[in-house]
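Q: Model the structure of this input:
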Amino acid sequence: MTTTDYDNFANAYSAENESGLFNAYYERPAVLRLAGDVSGRRILDAGCGSGPLSAALRARGAVVTGFDVSAAMVDLARQRLGEDADLHVADLSAPLPFADAEFDDVVASLVLHYLEDWSGPLAELRRVLRPGGRLILSVNHPAAYAIEYPKADYFALTKYSEDYVMDGQTVWLTFWHRPLHAMADAFAAAGFRIATISEPPPSPDAPAELLPPDLGSGSFIGFLFFVLESA
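A: Numbers count the residues shown, from 1 in each chain. You can find the predicted model right below:
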């Protein structure tokens with residue numbers, strides 16, 4: 001994704017994020033559950049978008065700083081969080097404008113799967129975390145790629161694009177698929193230890209009309225969640 005891509009559909013993406021099943025009733029509640037009690041913790045929201053996760057963390061007592069590559073997204077986040085919110089336009093694939101060990105936690109909600117290279121971004125996120133700090137992240141589930149594209153090579157790092165309708169606007173998102181072992185290898189190389197891997201069900205308050213029919217176990221393969229600890 002590029003800055004221009006996000007700027008072109010920032011409002012549509014924000015509207016979908018606000019009330020859609022995958023963000024509002026699945027991904028965001030799962031990240032908040034993994035974060036737990038955040039009162040007083042200094043948290044960096046990496047790829048904050050229009051700020052719904054930042055707002056939820058702040059409501060739970062966290063001291064939140066956010067950044068996004070898209071100026072349009074940051075403008076929407078500032079409208080949500082207030083003019084005094086600590087928000088920045090920054091690119092996760094470049095050095096970040098934060099001090100070493102500045103944060104207790106980093107949340108990276110559906111961000112890393114847009115990036116071909118994880119080594120630099122993970123190194124930067126570890127740098128800004130205090131020793132023992134947590135990186136809480138979500139990515140597209142690699143098994144979902146294997147199901148959707150059965151003829152593709154699951155084990156290859158692969159770029160692919162998909163179209164989505166968001167708030168009546170069709171947008172194209174481009175992702176990088178990587179197998180689970182490649183994710184784990186990247187975390188270890190950056191100095192992180194995997195504390196938790198989660199494949200959660202949707203939030204209990206998800207409206208029934210939004211859920212897929214015949215859920216069976218009550219969940220579905222959508223995103224994969226990690227809690228990593230910084231050495």
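Q: Just the CA trace of the helix or strand hosting Ala188, in CSV.
A: Counting by DSSP states H and E, the element that carries Ala188 is helix 180-189. Taking C-alpha atoms only, helix 180-189 is exported to CSV below (Å, rounded to 0.1, in the frame of the first residue of the first chain):
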residue,chain,number,x,y,z
LEU,A,180,3.6,-19.2,9.5
HIS,A,181,7.2,-20.4,9.9
ALA,A,182,8.5,-17.3,8.1
MET,A,183,6.5,-15.1,10.5
ALA,A,184,8.1,-16.9,13.5
ASP,A,185,11.5,-16.7,12.0
ALA,A,186,11.1,-12.9,11.5
PHE,A,187,10.0,-12.4,15.1
ALA,A,188,12.9,-14.4,16.5
ALA,A,189,15.4,-12.6,14.2
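Q: If you count contacts, what does it end up packed against?
A: helix 119-128, strand 192-198, strand 223-230 (3 or more CB pairs under 8 Å, 6 or more residues apart in numbering; DSSP states H and E). For glycine as for every other residue, the C-beta is placed from the backbone atoms N, C-alpha and C.
Q: which residues are in contact with it?
A: 118-119, 122, 139, 142, 157, 178, 193-194, 224, 226, 228 (CB atoms under 8 Å, 6 or more residues apart in numbering).
Q: Leu21 contacts Leu211, doesn't it?
A: Yes. Taking contacts as CB atoms under 8 Å, Leu21 lies within contact range of Leu211: 6.9 Å.
Q: got any residues that touch both of the two?
A: Residues touching both Leu21 and Leu211 by CB under 8 Å, 6+ apart: Pro202.
Q: Show me which of these two is the more surrounded one.
A: Leu21 (19 against 16; other CB atoms under 10 Å).
Q: hmm, back to that, let me have the contacts of helix 180-189 in TSV, extended by distance to Arg42 and neighbour count.
A: As requested, those are exported to TSV (distance: CB to CB, whole Å; neighbours: other CB atoms under 10 Å):
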residue	distance to Arg42	neighbour count
Trp118	23	24
Ser119	25	11
Leu122	19	24
Val139	24	22
Pro142	31	20
Leu157	33	13
Arg178	29	24
Arg193	20	11
Ile194	22	13
Leu224	26	20
Phe226	20	22
Leu228	17	25
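Q: Can you tell me which of those comes closest to Phe103?
A: Using CB to CB, the shortest approach to Phe103 within the contacts of helix 180-189 belongs to Leu228, at 13.4 Å.
Q: what about the closest one, distance to Thr196?
A: Per CB to CB, to the nearest Å, Leu228 is found 9 Å from Thr196.
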